[in-house]
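Asker: task: produce atomic coordinates for the following.
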Amino acid sequence: MPTMRTQIHASGNDDRWFLCQGDDAPDVFVFHDPNEPSGGAPSRIELAVFLASGNGSPEHRALLTMIGSLVEAGHAGSAPAVRGPEPGAAGAEPTPGESASSI
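Answerer: Numbers count the residues shown, from 1 in each chain. Purely as a prediction, here's the structure:
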């Protein structure tokens with residue numbers, strides 16, 4: 001049984017998916033808990049396998065959204081990302097003694 005789990009998605013038919021962490025920090029996986037009427041058995045899906053499936057299912061999109069929110073939260077309060085040169089900097093002429101190079 002996982003040490004920690006966070007629900008990723010619950011479907012309309014009561015299937016549920018959880019992001020789980022086992023006893024060791026690197027042991028992260030997806031746990032699928034199917035609805036009872038389906039007769040399916042709960043299953044552990046390795047995180048890499050789940051992400052590689054890329055099937056566009058609601059549970060897959062929900063996990064990607066969850067990961068994205070972690071990235072956003074990690075950058076909250078930090079300096080904004082540098083996206084390129086300041087406006088007008090790209091067209092600046094080299095100063096005397098500098099050579100212009102194309103990269």
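Asker: helix, strand or coil: sort out Cys20 for me.
Answerer: Under DSSP: H, G, I helix; E, B strand; the rest coil, Cys20 falls in the strand class.
Asker: that one and Pro37: what is the separation?
Answerer: 24 Å (CB to CB, to the nearest Å). For glycine as for every other residue, the C-beta is placed from the backbone atoms N, C-alpha and C.
Asker: ok, the two, which is more surrounded?
Answerer: Neighbours of Cys20 and Pro37, each counted by other CB atoms under 10 Å, are more numerous for Cys20; the result is 20 against 8.
Asker: so the more buried one sits right up against Arg5, yeah?
Answerer: Yes. Using CB atoms under 8 Å, Cys20 makes contact with Arg5 at a distance of 4.3 Å.
Asker: give me the common contacts of these two.
Answerer: With contacts taken as CB atoms under 8 Å, 6 or more residues apart in numbering, the residues that reach both Cys20 and Arg5 are Phe31.
Asker: could you look up the SS state of Val49?
Answerer: Bear in mind the rule, three-state DSSP; under it Val49 is helix.
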